[in-house]
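Visitor: The following comprises the amino acid sequence and a computationally predicted model.
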Amino acid sequence: MPVISQHLLARERLLKLRARAERERLAGARPHQVHYFHQVDDPYSALVAGILPQLIARYDIDVVPHVVGPPPDSAAPEREKLIAYSRKDARLLARHWNLVFDDLMGQPQDQSVEAATRLLVAAVQDGTFIEAAGEISTCLWSDPPSLFSMGRSGGPLRAVDPSAVSSHVAASNALRQQLGHYLGATFFYAGEWYWGIDRLHHLERRLQDLGAQRLGVQDLMFPPDADLSGPVSLASPLPIDFFFSFRSPYSAIVAPRVFELGRRTGAPVRLRFVLPMVMRGLPVPREKRTYISLDAAREAHARGTPFGRLNDPVGRPTERGLSLIPIAEQMGCAEAYVLSFMHGVRAEGIDAGSDRGLRRIVERAGLSWDAAHRALKEDAWRATAEANRKEMFDLGLWGVPSFRVGDTAVWGQDRLWAVQDALLKQDPGCGATLSLQTPIRYPFKEKR
């Protein structure tokens with residue numbers, strides 16, 4: 001597995017695939033064609049719809065829109081939590097990027113979603129989706145009754161045959177799955193997926209590398225948020241609750257940044273470990289696993305975090321790893337141990353299910369192997385993991401990595417900026433400076 005994953009997730013391989021796709025595009029004299037998949041009642045899709053005209057204005061691309069349904073049950077095992085959190089998160093993103101998203105504090109009614117779907121499919125057919133999607137989405141989430149009087153010229157809702165709408169959505173769902181994804185608010189360009197405004201910077205950089213930007217475009221619409229570049233003085237920093245699992249690639253690539261944020265603000269990082277979803281009986285379909293691995297590798301590269309030589313710790317390796325966190329905390333080396341484990345199984349291909357591999361992870365973190373070996377027989381960690389899971393669910397979260405600082409609770413490695421903001425709000429005059437990349441420091445000796 002480590003050798004294969006190192007090849008599949010290598011940056012060099014990705015760049016070769018991109019270069020081959022560009023050669024094929026030029027040979028066929030084709031434009032830069034970007035497929036966009038829009039889920040009508042998805043808040044993230046609503047945000048994307050509002051910025052599509054700006055994207056078109058910045059790049060010489062043809063955007064091909066597709067109206068899709070929600071993800072299948074296998075890709076959304078906690079659907080109600082996902083729906084509720086996505087509205088909250090979209091409000092957070094809208095404030096952060098000065099975008100428009102005024103939701104109704106609940107999902108739109110089925111009748112309104114149906115009306116919006118008919119309008120959007122009609123706009124796809126008419127070639128006006130880019131111009132119309134933002135207005136239709138805004139109406140759906142803020143003033144649904146206006147949908148029923150909306151038309152291309154302000155007239156009544158255009159009559160689109162229901163069977164044509166169903167056929168379009170079904171074909172779009174099938175294409176999305178065929179190409180390898182499951183969510184709305186997603187872009188597909190020449191073999192690669194980009195989700196929402198959070199991953200648009202990857203697409204923009206790729207288009208800029210190809211010279212597809214229009215005159216004067218040099219910046220990014222939604223650049224990755226910067227980390228603190230130095231220490232700040234906070235009088236009484238709140239703790240950071242870090243919910244993570246040892247199998248989560250996103251937990252692994254954000255963990256060094258979480259601990260660095262704690263060091264630079266003085267905020268204690270409280271470890272809230274949980275069992276991985278698949279070990280809690282929740283399904284993870286193939287297209288979701290594939291996308292997450294490729295996306296995590298891309299995000300890790302952007303942050304300068306080693307990643308890609310994987311030895312999946314699912315099952316016994318994860319259980320063995322989690323059982324040692326309590327003793328690592330007792331001995332004051334929990335941070336070093338967690339980073340050693342995550343780095344070991346995600347960047348070095350270490351088999352944490354073997355005594356040899358786990359011993360290497362343990363000892364370089366400063367933990368006694370004899371003490372660790374005895375702790376492997378303990379089972380109390382299971383109750384802690386379950387208590388952490390319940391606490392996470394009570395916050396309206398269900399996936400990892402997730403974070404809590406005071407009243408702020410967010411999900412995803414791409415929301416560390418919200419954690420940082422929550423800490424700095426305690427002392428607005430702290431004079432913090434920011435940097436996109438901060439040196440990743442591991443408190444153990446990495447084998448080269």
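Guide: Good, I have the coordinates.
Visitor: Beyond the one helix or strand residue 384 maps to, next helix or strand please.
Guide: Per DSSP states H and E: residue 384 is located in helix 381-394. Per DSSP H and E, helix 381-394 leads on to strand 402-405 as the next helix or strand towards the C-terminus.
Visitor: Name the strands paired with that next one and say parallel or antiparallel.
Guide: Pairing partners of strand 402-405, with direction, according to DSSP bridges: strand 240-244 (antiparallel), strand 408-411 (antiparallel).
Visitor: what are the C-alpha coordinates of that strand, in CSV please?
Guide: C-alpha atoms of strand 402-405 as CSV (Å, rounded to 0.1, in the frame of the first residue of the first chain):
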residue,chain,number,x,y,z
SER,A,402,-13.7,19.3,14.1
PHE,A,403,-12.9,22.1,16.5
ARG,A,404,-14.5,24.0,19.3
VAL,A,405,-13.3,27.3,20.9
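Visitor: how far out from the middle of the chain is it?
Guide: 15 Å (CA atoms, centre = their mean, to the nearest Å).
Visitor: which other residues reach it?
Guide: Identification of contacts with strand 402-405 by CB atoms under 8 Å, 6 or more residues apart in numbering yields 238-243, 258, 267, 392, 395, 409-412, 415-416, 418-419, 422-423. Yep, even glycine has a C-beta here, placed from its N, CA and C like the rest.
Visitor: If we use 10 Å, what do you get?
Guide: By CB atoms under 10 Å, 6 or more residues apart in numbering, the residues outside strand 402-405 that reach it are 85, 237-244, 251, 254, 258, 261, 265, 267, 269-270, 272, 274, 391-392, 395-397, 409-413, 415-416, 418-423, 425-426.
Visitor: Please list only the buried members of those.
Guide: For the contacts of strand 402-405, a burial check counting by 16 or more other CB atoms under 10 Å picks out 85, 237-238, 240-244, 251, 254, 258, 261, 265, 267, 269, 272, 274, 392, 395, 397, 409-413, 415-416, 418-423, 426.
Visitor: still on that earlier bit, which one of the strands paired with strand 402-405 lies nearest to residue 46?
Guide: With CB to CB as the measure, strand 408-411 is the member of these nearest residue 46 (18.5 Å).
Visitor: so for the closest one, what's the average pLDDT?
Guide: For strand 408-411, the mean pLDDT works out to 98.
Visitor: How far does it sit from its chain's centre?
Guide: With CA atoms, centre = their mean, you get 13 Å for strand 408-411.
Visitor: what do you get for stretch 3-23?
Guide: Distance, centroid of stretch 3-23 to centroid of chain: 21 Å (CA atoms, centre = their mean).
Visitor: ok, and what's touching it?
Guide: 32, 189-192, 206, 209-210, 249, 290, 293-294, 296-298, 300-301, 307-312, 346-349.
Visitor: CA atoms only for that stretch - export them in PDB, please.
Guide: Coordinates of the C-alpha atoms in stretch 3-23 are reproduced here as PDB (Å, rounded to 0.1, in the frame of the first residue of the first chain):
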ATOM      1  CA  VAL A   3       4.500   2.200  -2.500                       C
ATOM      2  CA  ILE A   4       1.200   2.400  -4.500                       C
ATOM      3  CA  SER A   5      -0.200   5.300  -2.600                       C
ATOM      4  CA  GLN A   6       3.100   7.200  -2.800                       C
ATOM      5  CA  HIS A   7       2.800   6.900  -6.600                       C
ATOM      6  CA  LEU A   8      -0.900   7.600  -6.900                       C
ATOM      7  CA  LEU A   9      -0.700  10.700  -4.700                       C
ATOM      8  CA  ALA A  10       2.600  12.100  -5.800                       C
ATOM      9  CA  ARG A  11       2.600  15.700  -6.900                       C
ATOM     10  CA  GLU A  12       4.800  14.700  -9.900                       C
ATOM     11  CA  ARG A  13       2.100  12.300 -11.100                       C
ATOM     12  CA  LEU A  14      -0.600  14.900 -10.800                       C
ATOM     13  CA  LEU A  15       1.400  17.400 -12.800                       C
ATOM     14  CA  LYS A  16       2.100  14.800 -15.500                       C
ATOM     15  CA  LEU A  17      -1.700  14.100 -15.700                       C
ATOM     16  CA  ARG A  18      -2.400  17.800 -16.000                       C
ATOM     17  CA  ALA A  19       0.200  18.200 -18.800                       C
ATOM     18  CA  ARG A  20      -1.200  15.200 -20.700                       C
ATOM     19  CA  ALA A  21      -4.700  16.600 -20.400                       C
ATOM     20  CA  GLU A  22      -3.500  19.900 -21.800                       C
ATOM     21  CA  ARG A  23      -1.700  18.300 -24.700                       C
END
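Visitor: For it, buried residues please.
Guide: Neighbour-count burial for stretch 3-23 [16+ other CB under 10 Å]: 5-6, 9, 14, 18, 21.
Visitor: Rebuild those as TSV, extending it with secondary structure.
Guide: Supplementary listing: the buried residues of stretch 3-23 in TSV, determined by DSSP: H, G, I helix; E, B strand; the rest coil:
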residue	secondary structure
5	helix
6	helix
9	coil
14	helix
18	helix
21	helix
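Visitor: which of the residues you listed lies closest to residue 329?
Guide: For the buried residues of stretch 3-23, the nearest to residue 329 is residue 5 (30.1 Å; CB to CB).
Visitor: related to what we said a few turns ago, show only the entries of the contacts of stretch 3-23 found in helices.
Guide: Per DSSP state H, helices hold the following members of these: 206, 209, 249, 290, 293-294, 296-298, 300-301, 346-347.
Visitor: and these, which are buried?
Guide: Buried among the ones in helices among the contacts of stretch 3-23 (16+ other CB under 10 Å): 206, 249, 293-294, 296-298, 300-301, 346-347.
Visitor: ok, so of the residues you listed, who is nearest residue 26?
Guide: Nearest member of those to residue 26, counting by CB to CB, is residue 206, at 15.1 Å.
Visitor: Next, the contact list for that closest one, please.
Guide: 14-15, 18, 21-22, 32, 189-190, 192, 194, 212.
Visitor: For residue 165, which non-adjacent residue is spatially closest?
Guide: Sequence neighbours aside, residue 121 is the residue nearest to residue 165 in space, at 4.9 Å (criterion: CB to CB, 6 or more residues apart in numbering).
Visitor: so that neighbour touches residue 163, yeah?
Guide: No. Counting by CB atoms under 10 Å, residue 121 does not reach residue 163; the two are 11.2 Å apart.
Visitor: Good, wrapping up.
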